[in-house]
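1. Give me coordinates for this.
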Amino acid sequence: MPMATAAFGETLLAKSRRTAANYQSALRRFAEFLEDDGHVVGALTTDRLEANVLERFYTWLLKHYGREKRSTCVAYVTEVRAFFRFLDRRRWLHPDVSYERMKDGLRELIGRQPYKTPRVDDAVARIVLYVNRHSPAPGASQQERLTLLRDRALLRTLYATGLRREEVSRLNRTDVQDGRSFEGLVTGKGGKDRTVFFDGAALEAIRTYLAARGDTFLPLYMRHDDGRGRPGPRGERWRLSPQSVWGVVKKYAALAGVDGTTHHLRHLKARVLLNEGAQLAEVQDILGHASPETTKKIYAHYTTHHLREAFDRFSLPPEAVAARASGDSG
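-> Numbering: from 1, shown residues only. Model (predicted):
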């Protein structure tokens, strides 16, 4: 078992640190379950794992966390299930144990688990606008000015593209040709490449930020704090981390007086597109959102040209969204 989990851990190197940490956390819960179940994990071999072990793990989680934490229990089981898929590929399970039957049994036990979409209203757009209404204080340093320009460009990018925070963190200036390309190719969740679309306001903010930086470093968004140290090759050590991207959004959400994260901006983009008439399949492909298998069977993938048309036709600037929120509250 320890050798198998170590081998599985090596396969997580291509995933984000956050995703890898989630898998490792789930495996620790699974080891606790096995110990409670009477196994000595250090001496247990994977070919001795029973066919119903995932179902019993899920039941154990429910007893420990409670049914009100059902979504947490499902998340843990889903991540451990990936471990069993890995074991099946390596043929490290008992010959009589079928991963597919394990998965089917688990599905019947858990039932249908709906995806919880965060509640998002139009006021979230105020996060994007807040930073635009503030200029550096008199006597502000170059560092403070660059941070403000970066945050303007970053928030515009998040709203325009609907990118995840990890995806924004990985953006390079070459992806948008220094703010002169309305389309960029990014590697999203699951290592899948997709085309993302920028609007004019986002590109203008990017150009302004890069011009003020006056460097040739590769990362599109960088740190400008005193503790950043040396830039490293092509400025990689100064690249803004996914957690820092999240922190920027939380900072301006608090200043704007709204509850919002990077995920809220992503969902706001999706909701605006859908409310303005975009098809669900169009939005799923624009945002690179994983869709249910049944939906994918119904909707075909759209071409980049069609997605560009949908993006231009149904997008609204944050000014219009925020104004609509003000009108509703008035």
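2. From now on I want contacts and neighbour counts done on CA atoms only, so please keep to that.
-> OK.
3. Need the contact partners of stretch 173-180.
-> By C-alpha atoms under 8 Å, 6 or more residues apart in numbering, the residues outside stretch 173-180 that reach it are 181-186, 203-204, 206-207, 210, 218-220.
4. can you tell me which of the residues you listed are in strands?
-> In strands, defined here by DSSP state E, the members of these are Glu183, Gly184, Leu185, Val186.
5. one step back: from the contacts of stretch 173-180, keep the buried residues only.
-> Neighbour-count burial (16 or more other C-alpha atoms under 10 Å) is assigned, among the contacts of stretch 173-180, to Phe182, Glu183, Gly184, Val186, Leu203, Ile206, Arg207, Leu210, Leu218, Pro219, Leu220.
6. from these, which single one is nearest Ala253?
-> Ile206 (20.6 Å; C-alpha to C-alpha).
7. Please enumerate the helices of the stretch 201-330 of the chain.
-> 242-256, 262-275, 280-287, 293-298, 304-314, 318-329 (DSSP state H, counting those that start in this stretch).
8. likewise the stretch 1-150 of the chain?
-> Using DSSP H, counting those that start in this stretch, helices in the stretch 1-150 of the chain cover 2-10, 17-36, 53-65, 70-90, 99-110, 126-132, 142-161.
9. weakest of the ones you listed by average pLDDT?
-> Out of the helices of the stretch 1-150 of the chain, helix 99-110 stands lowest, with a mean of 86 (criterion: mean pLDDT).
10. Any chance of the buried ones among the contacts of stretch 173-180 in a markdown table with distance to Ala256 as columns?
-> What follows is these, written out as a markdown table (distance: C-alpha to C-alpha, whole Å):
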| residue | distance to Ala256 |
| --- | --- |
| Phe182 | 28 |
| Glu183 | 29 |
| Gly184 | 30 |
| Val186 | 30 |
| Leu203 | 23 |
| Ile206 | 22 |
| Arg207 | 25 |
| Leu210 | 25 |
| Leu218 | 31 |
| Pro219 | 28 |
| Leu220 | 25 |
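11. which one of those sits closest to Thr195?
-> So of these, ranked by how close each gets to Thr195 (C-alpha to C-alpha), first place is Gly184, at 5.6 Å.
12. OK, contacts around the closest one?
-> Counting by C-alpha under 8 Å, 6+ apart, Gly184 makes contact with Asp175, Val176, Thr195, Val196, Phe197, Phe198.
13. Now do the first one against Phe198, distance only.
-> What it means is Asp175. Distance, Asp175 to Phe198, by C-alpha to C-alpha, to the nearest Å: 11 Å.
14. Also Arg56?
-> Distance, Arg56 to Phe198, by C-alpha to C-alpha: 47 Å.
15. Have a look at those two and say which one is more surrounded.
-> Per other C-alpha atoms under 10 Å, whichever of Arg56 and Phe198 has more neighbours is Phe198, with 24 against 17.
16. Angles on the backbone of that one, please.
-> phi -110, psi 150 (degrees, to the nearest 10).
17. Distance check, it against Leu316.
-> Applying C-alpha to C-alpha, the value for Phe198 to Leu316 is 12 Å.
18. and what of Leu280?
-> Applying C-alpha to C-alpha, the value for Leu280 to Leu316 is 17 Å.
19. go on, Ala278?
-> The value you get for Ala278 to Leu316, if C-alpha to C-alpha is used, is 12 Å.
20. What subset of the contacts of Gly184 is buried?
-> Asp175, Val176, Thr195, Val196, Phe197, Phe198.
21. what's near enough to touch the fourth one?
-> Right, Val196. Contacts of Val196 (C-alpha under 8 Å, 6+ apart): Thr161, Glu183, Gly184, Leu185, Val186, Ile286, Leu287.
22. Which one's more surrounded, Ala278 and Leu316?
-> Remark: of Ala278 and Leu316, Ala278 carries more neighbours, 19 against 16, as counted by other C-alpha under 10 Å.
23. The more buried one and Phe314 touch, don't they?
-> Yes. In terms of C-alpha atoms under 8 Å, Ala278 counts as a neighbour of Phe314; the distance is 6.3 Å.
24. so what's Cys73 closest to, chain neighbours aside?
-> Leu61 (5.7 Å; C-alpha to C-alpha, 6 or more residues apart in numbering).
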